[in-house]
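Student: A structural model of the following input is requested.
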Amino acid sequence: MGDQNVQHKSTDSGAKNAAPADSMLRPRYALFAAIATACIVSLLIIIKTIALYKSGSASVMASLVDSVADLSISICALFAIRYSLKPADFDHRYGHGKIEGLFALFEAAFIAGAAVFILFESLSRFARGAFEVEAHMFSIGVLVLSMIGSIVLVIIHRYSLKYAPSLALESDKANYSTDIVVSAGVIATLTALYFGAPPWLDVIVAVGIAFYMMITAKKVGMGGIDMLLDREVSGELREKLTKIILVNPQVLGFHDLRTRRAGMRIYISCDIEVDADLSLYDAHEICRKVEQDILSACPNADILIHIDPHNDTEDSRHLVADVHHA
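Tutor: The predicted structure follows:
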């Protein structure tokens with residue numbers, strides 16, 4: 001029997017069990033989360049602007065700049081998610097999911113830029129000795145509301161990611177998780193200043209916020225780079241896929257498991273070995289069973305399975321020893 005390739009297609013009417021595969025994948029949840037984020041952050045910007053006007057605090061300023069950056073990022077995330085959901089076309093046959101990787105790099109650059117602005121503004125205030133802070137309790141109240149807003153956003157993102165595993169959404173979640181820490185730090189600072197802490201503490205905390213934002217920018221940026229460079233999925237998921245493939249007794253061996261992520265989809269390819277005397281139809285049915293088992297565990301997967309006769313694994317695609325042919 002000659003080697004065959006079988007690829008999962010959600011529109012394939014022959015794959016009788018394929019219909020439930022996308023039942024847990026609801027990409028529109030990502031759009032809902034992005035819209036909710038833009039609305040909540042817009043409200044936070046308004047109240048933080050009032051707090052900065054009344055207090056003049058460097059740490060409040062840092063929190064406001066962070067939120068302005070967040071709004072710009074959230075609007076871009078909405079467009080990135082919407083574009084990533086476009087179906088494959090003649091020019092993009094793998095779909096448009098990698099736009100989320102580009103967005104993650106943009107978000108990382110934006111967060112890093114905001115961090116640099118906060119750093120220079122804080123150091124400028126330190127050099128000028130501009131330490132005066134007013135309306136402590138009002139600003140604390142505003143920042144408590146801000147922290148609650150960030151917590152709500154993280155909850156929305158966490159829930160949406162269960163149904164829409166979007167890198168753009170993951171990046172936003174990381175960003176707003178950072179905001180919770182930032183708001184808590186600013187609240188603690190203003191409280192300390194209210195009770196007589198040295199005024200320069202405000203500037204020091206703002207500098208600390210800037211560096212913390214840079215750490216977040218690095219984390220978000222690496223996620224985008226990993227997607228664009230087709231980094232393998234986690235070792236835990238690869239091990240899970242291996243067990244799913246080998247649990248079928250008619251699969252006599254497998255190799256060349258390769259995975260990558262683009263947008264909300266995971267692309268999985270592998271070679272399975274079956275009895276060389278099987279008919280093409282029987283080999284295809286084994287392949288389909290493996291495919292459906294994988295889809296049950298990974299409903300957002302796009303799967304390509306290559307069939308080899310048992311112990312005949314020579315293939316021009318196995319170019320790297322111990323990687324492709326491991």
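Student: so what's residue 180 closest to, chain neighbours aside?
Tutor: residue 150 (4.7 Å; Cβ to Cβ, 6 or more residues apart in numbering). For every residue, glycine as well, the C-beta is placed using N, CA and C.
Student: And the residue nearest the centre of this protein?
Tutor: residue 167 (2.5 Å; Cα atoms, centre = their mean).
Student: Outline the domain layout of the chain.
Tutor: The chain resolves into domains spanning 28-228, 232-309 when parsed by automatic domain parsing.
Student: for the protein, what spans make up the helices?
Tutor: 28-55, 58-84, 99-128, 136-163, 167-194, 201-228, 235-246, 280-297 (DSSP state H).
Student: average pLDDT for the last one?
Tutor: Averaged over helix 280-297, pLDDT sits at 93.
Student: That helix vs helix 235-246, what angle?
Tutor: Angle of helix 280-297 versus helix 235-246, following axes from the mean of the first three to the mean of the last three Cα atoms, to 10 degrees, is 150 degrees.
Student: burial measure for residue 235, as a count.
Tutor: 8 (other Cβ atoms under 10 Å).
Student: Need the winner for burial among the domains of the chain.
Tutor: Among those, the stretch with the highest mean neighbour count (mean count of other Cβ atoms under 10 Å) is domain 28-228, at a mean of 20.
Student: start to end distance for that one?
Tutor: 23 Å (Cα to Cα, to the nearest Å).
Student: how far out from the middle of the chain is it?
Tutor: Chain-centre distance of domain 28-228: 15 Å, with Cα atoms, centre = their mean, to the nearest Å.
Student: Tell me where the chain is predicted with low confidence.
Tutor: Within the chain, the stretches with pLDDT under 70 are 1-24, 59, 129-135, 325-326.
Student: quick one: furthest residue from the center of it?
Tutor: residue 277 (44.9 Å).
Student: Look up how far residue 283 lies from it.
Tutor: Distance, residue 277 to residue 283, using Cβ to Cβ, to the nearest Å: 10 Å.
Student: what's the answer for residue 189, then?
Tutor: 67 Å.
Student: And for residue 269?
Tutor: Taking Cβ to Cβ, one finds residue 269 at 17 Å from residue 283.
Student: And residue 207, by the same measure?
Tutor: For residue 207, the distance to residue 283 - Cβ to Cβ - is 64 Å.
Student: first to last residue in stretch 189-198, what's the distance?
Tutor: 10 Å.
Student: Which residues does it contact?
Tutor: 55, 57, 59-60, 133, 136-137, 139-140, 143, 199, 201-202, 205 (Cβ atoms under 8 Å, 6 or more residues apart in numbering).
Student: Could you do stretch 219-228 as well?
Tutor: 98, 100-105, 107-109, 111-112, 167, 170-171, 174-175, 231, 261-262.
Student: How about stretch 259-267?
Tutor: With Cβ under 8 Å, 6+ apart as the criterion, stretch 259-267 contacts 25, 27, 30, 84-85, 94-101, 164-167, 226-227, 230-233, 237-238, 241, 268-269, 298, 300-302, 304.
Student: Now do the contacts for residue 181.
Tutor: Contacts for residue 181 (Cβ under 8 Å, 6+ apart) come out as residue 212.
Student: which residues does residue 305 bridge with?
Tutor: residue 6, residue 270 (DSSP bridges).
Student: how many neighbours does residue 316 have?
Tutor: 5.
Student: Next up, phi/psi of it, please.
Tutor: phi -70, psi -20 (degrees, to the nearest 10).
Student: What's the separation between the residue nearest to the centre of the chain and residue 223?
Tutor: For residue 167, the distance to residue 223 - Cβ to Cβ - is 6 Å.
Student: now residue 324: how far from residue 306?
Tutor: Taking Cβ to Cβ, one finds residue 324 at 11 Å from residue 306.
Student: make that residue 249, sorry
Tutor: Distance from residue 249 to residue 306, by Cβ to Cβ: 20 Å.
Student: go on, residue 316?
Tutor: 12 Å.
Student: so who does the residue lying closest to residue 263 once chain neighbours are set aside touch?
Tutor: Leaving aside its chain neighbours, residue 263 sits nearest to residue 97 (2.1 Å; criterion: Cβ to Cβ, 6+ apart). By Cβ under 8 Å, 6+ apart, the residues touching residue 97 are 84, 261, 262, 263, 264, 265.
Student: run the last query once more with 6 Å
Tutor: By Cβ atoms under 6 Å, 6 or more residues apart in numbering, the contact set of residue 97 is 84, 262, 263, 265.
Student: Cool, thanks, signing off.
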